[in-house]
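Peer 1: Sequence first, then the predicted structure, then my questions.
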Amino acid sequence: MTLSERPRRLRQTPALRRLVRETRVSRDALVLPLFVREGVSIRENAPGLAGLYRYSPDRIPEAVETAMTAGINAFLLFGIPAHKDREGSEAWREDGIVQQALKTLRSRFPEVILITDVCLCEYTSHGHCGVLTEAGLVDNDQTLPLLAMTARSQAEAGADLVAPSDMMDGRVAAIRQVLDQKGLTQVGIMSYAVKYASSFYRPFRDTAGSRPAQGDRRNYQMDWHNRREASREAALDQAEGADILMVKPALAYLDVVAEVAATANRPVAAYSVSGEYAMLQAAAAAGLLDLEEAIAETAAGVFRAGADILVSYFAPEIATAIKRGDLG
Ligand code: PBG
């Protein structure tokens, strides 16, 4: 039998397969999200996210230290305040929860990359990502200065990058303007440019206490039927001054990651969200799949789609998979 093509030739040994690997993942491209809550000496389980924790600011260095041992050097901080109000004013307090964590981490670990989520949903009593009109709708333009103040206070407390996740129109420009006015020109913006109204955020909302009291986020987050709209959102954020563009979630949106990576002129990040983490954990706990292999395979998929950066709750496990030779 004479076959002209024998693709199996290159799959014969582990060494050959590694030689021709098209996607190689580096731990430098990984970001680990962390939850900081008000209080002292606290490390508690994150509801719905088996194996993850919420830390008080005095204990957040433990989380960073452990992840650094695994090879992770970039962190995305989320805050859970003690008090919420209609405007979410704890978000921009100089000694707010994220600002406290930033100051602690910045002095302890001058070399790590600290990124902060800029949004109001964890801080508002109604759980929406902006202020509400009398009619109960999120008011885009009234929200912009609050987001800009939040980003500014985080930048002043030591953030390298601020990451707006609210999906208000014009927020990247509003944030860039305030940062520049205050001389914070070196602080970058990693915008959640393409963020869908996803059912995969539920475990996060349980952990961060940010589930909307009424309604949903569909009039500000994107409709998941749409791809062309993703290019539009990415282009807008790029034009407004975003330094890194993020697509979120990752797993059900790899076509979108590929589209943005092909058309944008900025590094592209993908966020493998809480529901993706919980899904793999639950399937593995039920004996349905091998967790380590599934983590490596899904991480490879995101990079294969074209992402430059992956934000994942599995970042330390992905770093371990790289060391094992499964991804690197
Ligand atoms: C909003 C925000 C959310 C996530 C990150 N930033 C939740 C939401 O939009 O409701 C979700 C992250 C995840 O599910 O892991 N501040």
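Peer 2: Okay, I see it.
Peer 1: just the strands in the protein please.
Peer 2: Using DSSP state E, the strands assigned to the chain run over residues 30-37, 43-45, 53-55, 74-80, 113-118, 161-164, 188-195, 244-248, 268-272, 309-312.
Peer 1: For burial, what's the neighbour tally of the residue lying closest to Ser199 once chain neighbours are set aside?
Peer 2: Nearest residue to Ser199 in three dimensions, chain neighbours excluded: Gly275, at 6.8 Å (C-beta to C-beta, 6 or more residues apart in numbering). From N, CA and C alone the C-beta is placed, and that goes for glycine too. Using other C-beta atoms under 10 Å, Gly275 has 20 other residues around it.
Peer 1: so Gly275 makes contact with Ser198?
Peer 2: Yes: applying C-beta atoms under 8 Å, one finds Gly275 in contact with Ser198, separated by 7.3 Å.
Peer 1: between those two, what contacts are shared?
Peer 2: Listed as contacting both Gly275 and Ser198 by C-beta atoms under 8 Å, 6 or more residues apart in numbering are Pro249.
Peer 1: Would you tell me whether stretch 186-205 gets close to the ligand?
Peer 2: Yes: Stretch 186-205 reaches the ligand (C-beta under 6 Å from any ligand atom) through Tyr201, Phe204, Arg205.
Peer 1: Let's see which of those residues end up in helices.
Peer 2: Cross-referencing those against helices under DSSP state H gives Phe204, Arg205.
Peer 1: Can I get the residues of stretch 186-205 next to the ligand in TSV including neighbour count, distance to Arg227 and pLDDT?
Peer 2: Formatted as TSV, the residues of stretch 186-205 next to the ligand follow (neighbours: other C-beta atoms under 10 Å; distance: C-beta to C-beta, whole Å; pLDDT from 0 to 100):
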residue	neighbour count	distance to Arg227	pLDDT
Tyr201	22	20	97
Phe204	23	24	96
Arg205	17	25	95
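Peer 1: Which member of the residues of stretch 186-205 next to the ligand is positioned nearest Ile113?
Peer 2: The nearest member of the residues of stretch 186-205 next to the ligand to Ile113, counting by C-beta to C-beta, is Phe204 at 20.9 Å.
Peer 1: excluding its backbone neighbours, what's nearest the closest one?
Peer 2: Per C-beta to C-beta, 6+ apart, closest to Phe204 is Ser274, 3.8 Å.
Peer 1: And the pLDDT for that neighbour?
Peer 2: At Ser274, the model reports a pLDDT of 98.
Peer 1: How many residues are close by it?
Peer 2: Residues lying near Ser274 (other C-beta under 10 Å) number 25.
Peer 1: who touches Thr133 in this structure?
Peer 2: By C-beta under 8 Å, 6+ apart, the contact set of Thr133 is Asp139, Gln142.
Peer 1: how about the closest residue to Ser165 other than its chain neighbours, what does it touch?
Peer 2: In space, and not counting its chain neighbours, Ser165 is closest to Tyr192: 4.2 Å by C-beta to C-beta, 6+ apart. Shown in contact with Tyr192 (C-beta under 8 Å, 6+ apart): Ala163, Pro164, Ser165, Met167, Met246, Lys248, Tyr271.
Peer 1: what about 7 Å?
Peer 2: Each residue near Tyr192 by C-beta atoms under 7 Å, 6 or more residues apart in numbering is listed here: Ala163, Pro164, Ser165, Met246, Lys248.
Peer 1: Same list (those residues) but as TSV, adding pLDDT and distance to the ligand.
Peer 2: Below are those laid out as TSV (pLDDT from 0 to 100; distance: C-beta to the nearest ligand atom, whole Å):
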residue	pLDDT	distance to the ligand
Ala163	98	8
Pro164	98	9
Ser165	97	4
Met246	98	10
Lys248	98	7
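Peer 1: Redo those as TSV? Include distance to Arg108 and neighbour count.
Peer 2: Putting these into TSV (distance: C-beta to C-beta, whole Å; neighbours: other C-beta atoms under 10 Å) gives the following:
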residue	distance to Arg108	neighbour count
Ala163	21	27
Pro164	26	28
Ser165	26	22
Met246	26	29
Lys248	29	24
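Peer 1: Please identify which two of the residues you listed are farthest apart in space.
Peer 2: Maximum pairwise distance among these (C-beta to C-beta): 11.9 Å, between Pro164 and Lys248.
Peer 1: So which bits of this structure are right by the ligand?
Peer 2: Going by C-beta under 6 Å from any ligand atom, the residues of the chain near the ligand are Asp117, Cys119, Cys121, Ser165, Tyr201, Phe204, Arg205, Ser210, Arg217, Val273, Ser274.
Peer 1: isn't the fifth one right next to Ser272, touching?
Peer 2: No: Tyr201 sits out of contact with Ser272 when judged by C-beta atoms under 7 Å, with a separation of 12.0 Å.
Peer 1: which non-adjacent residue is nearest Ile80?
Peer 2: Nearest non-adjacent residue to Ile80, counting by C-beta to C-beta, 6+ apart: Arg37, 4.0 Å away.
Peer 1: hang on, the one you found packs against Pro57?
Peer 2: No: contact criterion C-beta under 7 Å: Arg37 and Pro57 do not qualify, at 8.7 Å.
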